[in-house]
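Enquirer: Below is the sequence, then the predicted model.
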Amino acid sequence: MFERCVGLAWCLGCRVYTGAMVHVPRERVLIDALASLPGEQRERLKRSEVKLIAFLAKQPH
């Protein structure tokens, strides 16, 4: 019925983020925010938590 996923929430103002295990319905399609990036840029973001969060914060919701 549900899948377990890691959910992240962050505040750019105070530079704090939290993570928690969340339940997502199996039929819900999760979007990969990095899918459209070239491989090199995607890997660079995956190696740096700070850069990854900054990139994701700029994305439309």
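Expert: Cool, got the structure. Everything quoted here is computed from the prediction, not taken from an experiment.
Enquirer: Can you give me the buried ones in stretch 19-37?
Expert: Across stretch 19-37, burial judged by 16 or more other Cβ atoms under 10 Å covers residue 34. From N, CA and C alone the C-beta is placed, and that goes for glycine too.
Enquirer: What strand or helix carries the closest residue to residue 46 other than its chain neighbours?
Expert: Spatially, and ignoring its direct neighbours in sequence, residue 46 is nearest to residue 52 (6.7 Å; Cβ to Cβ, 6 or more residues apart in numbering). Using DSSP states H and E, residue 52 falls within helix 49-57.
Enquirer: And that helix, what's buried?
Expert: Neighbour-count burial for helix 49-57, counted by 16+ other Cβ under 10 Å, picks out 52-53, 55.
Enquirer: which residues are contacting stretch 46-54?
Expert: 10, 17, 34, 44-45 (Cβ atoms under 8 Å, 6 or more residues apart in numbering).
Enquirer: can you do 7 Å?
Expert: 10, 17, 44-45 (Cβ atoms under 7 Å, 6 or more residues apart in numbering).
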